[in-house]
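Participant: task: produce atomic coordinates for the following.
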Amino acid sequence: MTFIARRRRPAGRVSGRFADVDGIPFRMPVGTLGSPALIAAYPIDPRGAREALPQELSPYRVRGEGVLVIAVIDYQDTPIGTYVEFATGILCTPGDRPAPPLLPLLFGSLFGTGVYIADMPVSTEISVKGGLGIWGMPKRRASLDFVTSESTVSSQYDLDGQLVMRVDVPRPPRAWLPLRYTATGYASFRGMLWKSSVALRGRMGLTWGGGPEDRLLIGEHERAAWLKRLDIRDRPILTAYLPSVSGVLDDHVESWFLTSATPPPPSREGLESVVGLGLGQDRLPPPDRAATDRLLSPSRPREYVTPAP
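Facilitator: Residues are numbered from 1 along each chain as shown. You can find the predicted model right below:
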């Protein structure tokens, strides 16, 4: 499969205009003006990364390892209200051949570098309806939180009363590094591969190589099973905290057929998963943070905070 880079239309072209998709009203462009976020990038087994991706994408390797990306945003200002979004995916490039080193990171738009988002729970029904129905992102309503302290930023993801994942990253003393980056996300929905982009702006504090505040806890819920096949390494490549990030979504998405050498099974989710959704902005009860605090206690051994083999 061949991807061709396309020139983006400037967001200003639709600025101040209005849209309505599936009953969700939008004032263009779609975005947020300032919301806190955390990012963690972990090395993973490159074979596990390959198996987790559709054949239309290839895992991007850093020092021979695949990269798991966790990004959580506590949206404070959007056209559909406030909500938390917990994205988990694998760094990748289009095509079935590995990309050359370094260049796809420096020239991401040219190479189509992005993250294949395998799971993207959100807090509210309306954000599922929009994110899955319009952008094809694998959103589902879940119990999520976003907790900051003087030293740590943390988010937990529970589903059906069970832990899926919790991630803790250090909170740097200041956010000093300017961020001006267009992030690309890929996802599977309805047997199609979807691609969308968001222009991010803000400042972030980076921590390289992990530290005592970096903790990743994988739960027993079935939604976490794919993570346990990745052989996530103990320490992250980097973590970041952005106290206020602004993002503007591109005004279009792209999609392609997902293909295979033999007839594939029916897609797990189709249009029926979004047709009946409403515009609710209520949140589920918060995740059981007390239970994960006990698991992450300093008295517990390190294996309690890493995925089972």
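Participant: pretty sure L279 sits against P25.
Facilitator: No. The criterion here is CB atoms under 8 Å, and L279 misses it with P25 at 9.3 Å. All C-beta atoms are positioned from the backbone trio N, CA, C, and that covers glycine.
Participant: pick out whichever of these two has more residues nearby.
Facilitator: More crowded of L279 and P25, by other CB atoms under 10 Å: L279, with 15 against 11.
Participant: how about the more buried one, nearest residue that isn't a chain neighbour?
Facilitator: I126 (4.7 Å; CB to CB, 6 or more residues apart in numbering).
Participant: show me the strands in the stretch 151-300 of the chain, by range?
Facilitator: 152-159, 162-170, 177-189, 192-208, 215-218, 238-249, 254-257 (DSSP state E, counting those that start in this stretch).
Participant: give the contact list for D288.
Facilitator: D158, G161, L163 (CB atoms under 8 Å, 6 or more residues apart in numbering).
Participant: now swap in G191 and tell me
Facilitator: Contacts for G191 (CB under 8 Å, 6+ apart) come out as F257, L258, P264, P266, S267.
Participant: for D214, same thing?
Facilitator: If you count contacts by CB under 8 Å, 6+ apart, then D214 has A40, D168, V169, P170, T207, R235, P236, T239 around it.
Participant: whichever of these end up buried, select them in ChimeraX.
Facilitator: In ChimeraX syntax, the buried subset of these is picked out as below (16 or more other CB atoms under 10 Å):
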select :40,168,169,170,207,236,239
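Participant: tabulate the contacts of D214 (CSV), appending distance to E65 and pLDDT.
Facilitator: CSV is the format used below for the contacts of D214 (distance: CB to CB, whole Å; pLDDT from 0 to 100):
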residue, distance to E65, pLDDT
A40, 15, 97
D168, 22, 97
V169, 19, 96
P170, 22, 96
T207, 18, 95
R235, 12, 94
P236, 12, 96
T239, 16, 97
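Participant: for P170, see how far away the closest residue to V169 other than its chain neighbours is.
Facilitator: Nearest non-adjacent residue to V169, counting by CB to CB, 6+ apart: T239, 3.8 Å away. Distance, T239 to P170, by CB to CB, to the nearest Å: 6 Å.
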